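Q: What would the 3D arrangement of this be:
(chains A and B)
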There are 2 protein chains.
Amino acid sequence: MSNVIADISMSLDGFVAGPNPTLDDPLGEGGMQLHEWAFRLAAWRRPHGLDGGVDDIDSPLVEQALAATGAIVMGRRMFSGGDGPWEEDSNARGWWGDEPPFHKPVFVVTHHAREPLELGETTFIFVTDGIESAVAQARTAAGGKDVRVAGGAAVVQQCLAAGLLDEIELHVAPVLLGGGTRLFERAAPARLVVREAISVPLATHIRLRVER
Amino acid sequence: MSNVIADISMSLDGFVAGPNPTLDDPLGEGGMQLHEWAFRLAAWRRPHGLDGGVDDIDSPLVEQALAATGAIVMGRRMFSGGDGPWEEDSNARGWWGDEPPFHKPVFVVTHHAREPLELGETTFIFVTDGIESAVAQARTAAGGKDVRVAGGAAVVQQCLAAGLLDEIELHVAPVLLGGGTRLFERAAPARLVVREAISVPLATHIRLRVER
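A: Reported below is the predicted structural model:
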């Protein structure tokens, strides 16, 4: 049975992006620090077309996530790199360049209808009828594999509120950003269960089961 | 060398207490869930005068913290159970009953001067000249052992801002409270280092080193 898993990095103070994001710096001030744990890993760099990197105790976590995932759901800002008129441009190629690192179908939740966009081995499918539809389409495309909800915060919050998540894989980076976009904002009270945690100096990876 | 360690439980969404705290329920709605990981442990129940409980992989964490701690720092609300006129009452015995569970000197940061209060094996010392003084006095009282900053959020934030913390022991409970008192509110941007994490179904314990 495939699971729907939110997979996202967060600061100690709860932010998935720092203050003052721009198109050049969509993660905001200090936001890149949230992902340093990933950037250092060969297991993460390879599928992103990057050389080098190290193996560490959290490498299997990245490898397993890649192998188990059949489709991805993300928000429009994660696709485009930010708000702005480019979102309305049906020829915009998004923020991820000509060879996006996903190599599987990516369902983008947006209000702006457009044809699917194929870039390298990644196809972006634009879903305008809401998060439930996006997750349902991703589930079908995943063919029995997991669906990963990659962010941003708004899409994760919508999935949580709609009861669509089976698990959350939270990568807590040991940084304080002081401001930015919070992952959990006025969440409905809920109990989850910690399944596993692995720590490296740059992150604590916490796998949580959502009780539905 | 003794360390100054903030030791506090927090929800996934960053709260140390839920919404609408009262004198009867100072942790607010849902706030008791943050401490269930502790309530279940024999290692925690024994020093609190309670029978029963279990041993688990996080028992040594509680035992080591108790053994290593020579003095405690807390805020006035953690002493009194909340805001209100009782804070001004020099005869108030605080929220912890006649046999408080601390069994060591507790330095209470407050604006209201009063004589030390001895209850069972615990002495509360009231410090009116600020957090740095409270931590300095606690350090002296600890006689080479660690100083633990037990909360609430305001006192931890003051310690962090003043550069007084060596470590943070964060107990992340897998619950969403949706509101309440945030542990980190407008923190100054900072980098820490994850030293260790241990997970049980009711918490992920993360030990962090503050780089100064």
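Q: Show me where chain A has its strands.
A: A:4-11, A:15-17, A:69-75, A:105-109, A:117-119, A:122-127, A:146-151, A:167-173, A:175-176, A:181-182, A:190-200, A:203-210 (DSSP state E).
Q: out of those strands, deepest packed?
A: strand A:15-17 (a mean of 27; mean count of other C-beta atoms under 10 Å in any protein chain shown). No exception for glycine: its C-beta is placed from N, CA and C like everyone else's.
Q: returning to that earlier point: can you put the strands of chain A in a markdown table and add mean pLDDT?
A: A markdown table is the format used below for the strands of chain A (pLDDT from 0 to 100):
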| stretch | mean pLDDT |
| --- | --- |
| strand A:4-11 | 98 |
| strand A:15-17 | 97 |
| strand A:69-75 | 97 |
| strand A:105-109 | 98 |
| strand A:117-119 | 95 |
| strand A:122-127 | 96 |
| strand A:146-151 | 97 |
| strand A:167-173 | 98 |
| strand A:175-176 | 98 |
| strand A:181-182 | 96 |
| strand A:190-200 | 96 |
| strand A:203-210 | 98 |
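Q: Quick one: closest of these to B:V62.
A: strand A:190-200 (16.9 Å; C-beta to C-beta).
Q: Work out which residue lies at the spatial centre of chain A.
A: Taking C-alpha atoms, centre = their mean, the centroid of chain A lies closest to A:A150, which sits 1.6 Å from it.
Q: Now tabulate the strands of chain A in TSV and tack on distance to B:P19.
A: Shown next, in TSV, are these (distance: least, C-beta to C-beta, whole Å):
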stretch	distance to B:P19
strand A:4-11	21
strand A:15-17	21
strand A:69-75	28
strand A:105-109	29
strand A:117-119	43
strand A:122-127	34
strand A:146-151	26
strand A:167-173	22
strand A:175-176	23
strand A:181-182	16
strand A:190-200	14
strand A:203-210	21
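Q: okay if I get those as TSV plus distance to chain B?
A: Below are these laid out as TSV (distance: least, C-beta to the nearest C-beta, whole Å):
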stretch	distance to chain B
strand A:4-11	9
strand A:15-17	10
strand A:69-75	19
strand A:105-109	21
strand A:117-119	34
strand A:122-127	26
strand A:146-151	16
strand A:167-173	7
strand A:175-176	4
strand A:181-182	8
strand A:190-200	3
strand A:203-210	5
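Q: Any idea which of the ones you listed gets closest to B:A154?
A: strand A:175-176 (16.0 Å).
Q: Return the distance of that closest one from the chain's centre.
A: 19 Å (C-alpha atoms, centre = their mean, to the nearest Å).
Q: May I have the strands that pair with that strand, each with its orientation?
A: strand B:190-200 (antiparallel) (DSSP bridges).
Q: re the thing from before, for B:L23, which of the strands of chain A is the nearest?
A: Closest among these, once you apply C-beta to C-beta, is strand A:190-200, at 25.6 Å.
Q: Now do the closest one against strand B:4-11, angle only.
A: 140 degrees (axes from the mean of the first three to the mean of the last three C-alpha atoms, to 10 degrees).
Q: For strand A:190-200, which outside residues touch it?
A: Residues outside strand A:190-200 that contact it (C-beta atoms under 8 Å, 6 or more residues apart in numbering or on different chains): A:37, A:56-58, A:61, A:160, A:167-168, A:204-211, B:12, B:33, B:174-176, B:194-204, B:206.
Q: just how off-centre is that strand within its chain?
A: That offset, for strand A:190-200, works out to 18 Å (C-alpha atoms, centre = their mean).
Q: Tell me who's in contact with A:G151.
A: A:6, A:8, A:16, A:74-75, A:78.
Q: again, only this time at 7 Å
A: Contacts for A:G151 (C-beta atoms under 7 Å, 6 or more residues apart in numbering or on different chains) come out as A:8, A:16, A:74-75, A:78.
Q: Assess the claim that A:A134 and A:F107 are in contact.
A: Yes. Contact criterion C-beta atoms under 7 Å: A:A134 and A:F107 qualify, at 4.6 Å.
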